[in-house]
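>>> Prediction below, plus the sequence it came from.
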Amino acid sequence: MDLLLLSNSRNHGQSFLAHALEEIDGFLGDARRLAFVPYALRDHDGYTAIIAEALAPLGIEVVGVHTGADPRAAVADAPAVFVGGGNTFRLLRALRTTGVFEVVRHRVTAGDLRYLGSSAGTNLTAPTLRTTNDMPIVEPPSFEAFGFVPFQINPHYLDPAPDSTHMGETREQRLTEFLEENDVPVLGIREGGWLRVCGETATLGGANGARLFTRAAEPRELAPGADVSQLLATRPRYDSPA
């Protein structure tokens, strides 16, 4: 299995994907064409155009899966797929209703499709979307996601701000609530970072590192470059079927 999972698509003060272009280039290797899944945003054409422009300097051809009569065919014929960010609930519902979900899951699991995800696209590589940050603006058939990794991921992770006067829950509190009901690690990846999974190896990349949340334990700080391969042996336990 070959995965590159970005926390975010754009860093403050930088153009789209600029912070990760070198990593994306190396990840794709000789695959100079990818199928782009724009379903997390409403404007599929506009989103695809943004990705095409961002990856043009690498000589990568971007084909939106929505442009053909059968979006499954675009994924079935591509050496790599990029599942972009936006609303995770909308993305999962569209993947299910178009049938793209099954094609992506089968090919990635079989090892013949490289998977690049960002934000919502990264969320869906976990067993469920239960640790996403966004609102359920639509209702997917279930919370079950691809399950390419056996643990949960929280992209755009934000550390608690001790001096903040905001009285709402922090991200740490929300993830702690998740762990009260579910016994599965959560990897909170800060913006500018990513997770690279190659076979049985998982490594943190980019800037700012991550925090690892597990039940009945203090969150653990992980630096960029950390080997987190042990998480691939996770045996998740949820409060009910996803």
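Nice, thanks for sending it over. If you're wondering where the values come from, they're calculated on a predicted model, not measured in any experiment.

>>> where exactly do the strands run in this structure?
2-6, 33-37, 61-64, 80-83, 114-118, 152-157, 186-190, 193-198, 201-206, 210-213, 220-222 (DSSP state E).

>>> just so I know, which of those strands lies nearest Pro236?
strand 152-157 (7.8 Å; C-beta to C-beta). Placement of C-beta: from N, CA and C, glycine included.

>>> for Thr128, which residues make a bridge with it?
Counting by DSSP bridges, Thr128 is bridged to Glu144.

>>> Read off the pLDDT value for it.
If you check Thr128, the pLDDT there is 97.

>>> Next: the one 4 residues further on.
With respect to pLDDT, Thr132 scores 96.

>>> same question, His166
pLDDT, His166: 65.

>>> Spatially nearest residue to Tyr238, not counting backbone neighbours?
Asn182 (4.9 Å; C-beta to C-beta, 6 or more residues apart in numbering).

>>> before we move on, the earlier item: can you lay out the strands of the chain as TSV showing distance to Ser15?
Shown next, in TSV, are the strands of the chain (distance: least, C-beta to C-beta, whole Å):
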stretch	distance to Ser15
strand 2-6	14
strand 33-37	17
strand 61-64	16
strand 80-83	16
strand 114-118	14
strand 152-157	18
strand 186-190	20
strand 193-198	17
strand 201-206	16
strand 210-213	24
strand 220-222	27
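
>>> Format these as a markdown table; extra columns: distance to Ile51, mean pLDDT and mean neighbour count.
Below are the strands of the chain laid out as a markdown table (distance: least, C-beta to C-beta, whole Å; pLDDT from 0 to 100; neighbours: other C-beta atoms under 10 Å):
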| stretch | distance to Ile51 | mean pLDDT | mean neighbour count |
| --- | --- | --- | --- |
| strand 2-6 | 12 | 98 | 25 |
| strand 33-37 | 5 | 97 | 24 |
| strand 61-64 | 5 | 96 | 17 |
| strand 80-83 | 7 | 98 | 26 |
| strand 114-118 | 9 | 98 | 26 |
| strand 152-157 | 17 | 97 | 26 |
| strand 186-190 | 20 | 98 | 25 |
| strand 193-198 | 16 | 98 | 22 |
| strand 201-206 | 19 | 98 | 19 |
| strand 210-213 | 25 | 97 | 22 |
| strand 220-222 | 28 | 97 | 14 |
